[in-house]
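# From the sequence below, what's the structure:
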Amino acid sequence: MSALTLSVAACGSDSSDSTAPKSAADSGAFPKQGVSFTPPSDWSVNEGKGHLVATAQAGSATVAVWRYPRSEKLPASKLQLQAARDSLLGLSKKRDATFEQIKTAATTIAGQPAVQIRAREHIAGQPRTVRSTHIYAHGAEYVIDAYADADSFRAVDAKVFRPLLRSLRVSAAQ
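All right, here's what the predicted structure looks like:
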């Protein structure tokens, strides 16, 4: 299931002690969920609960990392990824009447088959541009939802969202 239209609220923690050891959230390492990434140093990173692995946030820009265990066969071929994309688009349009697809791609992220969707939609009533990446591996669907307001999306996407996706690693949950 796509998390494209879900709202994620993250609360930052402000620590003035720069000598304190980094937490798992600060370092972007979540071995129990089989996810690691390199978060921007000036972003607030918080561990999630349930399917939400973590959020990273600065201002109105957010990255939400989800892990959904899957028992069905995961899409791997180009045709299977296109079918997964079509399903995700259909669900997104059903949930949000404002959903407007920008671009989609069947691709490889973290060495695994993936679907990426860029779109305009509303999150918590606010218009946002979203890069939603669905990675299928290790018996799970990893969803990385990266979103910001339309005016800042392009810059945040280049500076934060795409580098974070390049740093992403997925493995079997512990």
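
# For burial, what's the neighbour tally of the closest residue to Pro75 other than its chain neighbours?
Excluding its sequence neighbours, the residue lying closest to Pro75 (Cβ to Cβ, 6 or more residues apart in numbering) is Ala84, at 4.4 Å. The way it works is simple: take the backbone N, C-alpha and C, and place the C-beta from them, glycine included. Neighbour count of Ala84, defined by other Cβ atoms under 10 Å: 21.

# my guess is Ala84 meets Gln116, correct?
No: with contact defined as Cβ atoms under 8 Å, Ala84 and Gln116 do not form a contacting pair (11.2 Å).

# what sits in contact with each of those two?
Applying Cβ atoms under 8 Å, 6 or more residues apart in numbering, one finds that Ala84 and Gln116 are jointly contacted by His134.

# all helices for the chain, in order.
24-27, 78-95, 150-156, 162-167 (DSSP state H).

# Adding mean pLDDT and distance to Arg67, write those out as CSV.
Output for those, formatted as CSV (pLDDT from 0 to 100; distance: least, Cβ to Cβ, whole Å):
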stretch, mean pLDDT, distance to Arg67
helix 24-27, 71, 15
helix 78-95, 96, 16
helix 150-156, 95, 23
helix 162-167, 96, 15
